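J.: Can you look at this prediction? I've put the sequence above it.
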Amino acid sequence: MLNDESQDLFDIRRLALLVEVVEQGSITAAAELMMYTPSAVSQQLRKLEQEVGQPLLNRRSRGVAPTEAGQVLAGHARKIIGQMRAAHSDLDQIAGLRRGSLTVGTFPTLAGSFLPLVIRAFKKRYPAIGLSVRSARFDELVSDLESGVTGLCLLWDYPWNRFHDDSIRVTEVFQESTVILVARGHPLADRDEVKMEELRKESWIVRAEAHPVVEVLQRSAHDAGFEPTIGFLANDYQEAQAMVSVGMGVAMVPKTAVALQHPDVRAISLGAAAPMRRVLLAQRQDKVYAPAEVAFHSTLLEIAREHIGDYL
């Protein structure tokens with residue numbers, strides 16, 4: 001195909017200019033962003049239109065808008081540019097420009113529980129490797145991994161919403177259960193296990209901003225035949241535990257969220273009915289893994305095997 005003159009490849013720099021013009025809606029704005037003159041941008045886009053054989057932009061009195069062909073090509077160009085940036089990141093590592101460093105993505109409950117165990121072991125074994133950690137929301141973790149900002153990252157999912165992305169390879173690290181938090185003075189505090197049906201009259205403390213644990217609670221409550229009454233929206237699990245400790249309600253949390261447990265809070269099992277969360281190690285499918293990534297992957301799974309029962 002590369003030798004077929006009828007299938008000429010488009011210039012990557014012109015594609016990048018097209019994307020910026022479409023996103024900015026203005027040749028002038030795109031030129032300023034890309035540090036070109038507007039005339040230079042216009043000239044390159046005209047050449048791209050000649051390569052394509054179709055008009056890509058409709059010029060208007062105020063800015064520009066993509067034609068149908070321009071919109072289609074810009075969509076493909078975004079993917080190509082993203083892949084090129086990821087390729088630069090991979091090649092930098094292979095060439096040794098970032099040798100001996102690794103950035104790992106994670107989420108807050110794991111950063112406050114399991115991950116420090118891995119980091120301690122990793123730094124002891126590989127003291128010359130510079131390790132940094134980025135804690136973020138799910139979508140940001142995936143985006144950072146795809147763009148090469150992180151070499152690997154930790155994700156999670158539940159049975160009703162399994163994570164799948166053809167460009168990302170995932171390995172199950174461990175499964176963790178969901179537990180109920182009650183104050184030490186609560187009538188159920190001395191129980192080892194409780195059923196959701198027994199909690200129908202409770203006021204619930206949940207995470208704010210449509211946190212995923214809210215869906216876990218709602219599904220469990222609906223399966224038990226009731227709608228949970230939300231009494232308090234907490235910004236983090238530390239705040240949730242504090243409110244539980246003074247009797248403001250009960251909470252449902254993943255077990256890693258109580259690695260640092262409030263002294264006046266009891267964690268009670270839901271038994272076989274407890275929703276299970278998978279913790280996943282994610283890496284891009286399309287890259288050559290750097291030695292630091294291989295070492296971290298191996299260390300993490302080893303530590304996970306040692307602590308596999310801690311979060312059930």
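T.: It's in.
J.: Tell me which residues touch His186, please.
T.: His186 makes contact with 247, 250, 266, according to CB atoms under 8 Å, 6 or more residues apart in numbering. The C-beta positions use only the backbone N, C-alpha and C, and glycine is treated the same way.
J.: Closest one of those to Leu131?
T.: Distances from Leu131 to those, taken as CB to CB, are shortest for Arg266 (35.5 Å).
J.: so that closest one is in which element?
T.: Assigned by DSSP states H and E, Arg266 falls within strand 265-269.
J.: worst-scoring helix or strand of the protein, pLDDT-wise?
T.: helix 68-95 (a mean of 83; mean pLDDT, DSSP states H and E).
J.: For whichever helix or strand comes after it, C-alpha coordinates in CSV please.
T.: Sequence-wise, the next helix or strand downstream of helix 68-95 (DSSP H and E) is strand 101-106. Provided in CSV are the C-alpha atoms of strand 101-106 (Å, rounded to 0.1, in the frame of the first residue of the first chain):
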residue,chain,number,x,y,z
SER,A,101,11.6,6.5,35.5
LEU,A,102,8.0,5.4,35.7
THR,A,103,4.7,7.2,36.2
VAL,A,104,1.8,5.1,37.6
GLY,A,105,-1.9,6.1,37.6
THR,A,106,-4.2,5.1,40.5
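J.: Distance from the chain centre to strand 101-106, please.
T.: Distance of strand 101-106 from the chain centroid (CA atoms, centre = their mean, to the nearest Å) equals 13 Å.
J.: strand partners of it, parallel vs antiparallel please.
T.: Sheet pairing of strand 101-106 (DSSP bridges) gives strand 130-135 (parallel), strand 152-157 (parallel).
J.: Adding mean pLDDT and distance to Phe232, write the ones you listed out as CSV.
T.: Shown next, in CSV, are these (pLDDT from 0 to 100; distance: least, CB to CB, whole Å):
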stretch, mean pLDDT, distance to Phe232
strand 130-135, 95, 24
strand 152-157, 97, 24
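J.: Of those, which stretch is the most buried?
T.: strand 152-157 (a mean of 22; mean count of other CB atoms under 10 Å).
J.: Give the next helix or strand downstream of it.
T.: Moving toward the C-terminus from strand 152-157, the next helix or strand (DSSP H and E) is strand 168-183.
J.: what angle do that following strand and strand 265-269 make?
T.: With axes from the mean of the first three to the mean of the last three CA atoms, to 10 degrees as the basis, strand 168-183 and strand 265-269 are set at 120 degrees to each other.
J.: Redo the strands paired with strand 101-106 as JSON lines? Include distance to Ala221.
T.: Output for the strands paired with strand 101-106, formatted as JSON lines (distance: least, CB to CB, whole Å):
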{"stretch": "strand 130-135", "distance to Ala221": "29"}
{"stretch": "strand 152-157", "distance to Ala221": "20"}
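J.: how about those strands, which one is nearest Leu260?
T.: Per CB to CB, nearest to Leu260 of the strands paired with strand 101-106: strand 130-135, 15.5 Å.
J.: And the next helix or strand past the closest one?
T.: In the C-terminal direction from strand 130-135 (assignment by DSSP H and E), the next one is helix 138-147.
J.: Which residues outside that next one are in contact with it?
T.: So helix 138-147 is contacted by 82, 85-86, 89, 105-107, 134, 136, 149-150, 152-156, 165, 167-168, 212, 282-284 (CB under 8 Å, 6+ apart).
J.: Kindly report the same for stretch 111-128.
T.: Contacts to stretch 111-128, defined as CB under 8 Å, 6+ apart, come from residues 100, 106, 129, 131, 133, 135, 154, 174, 256-257, 259-260, 279, 292, 295-296, 299-300, 302-304, 307, 310-311.
J.: Mind checking which of those residues land in strands?
T.: In strands, defined here by DSSP state E, the members of the contacts of stretch 111-128 are 106, 131, 133, 135, 154, 174, 279.
J.: got a list of what the fifth one touches?
T.: So the one you mean is Leu154. Residues counted as contacts of Leu154 (CB under 8 Å, 6+ apart) are 104-107, 110, 115, 141, 173, 279-282.
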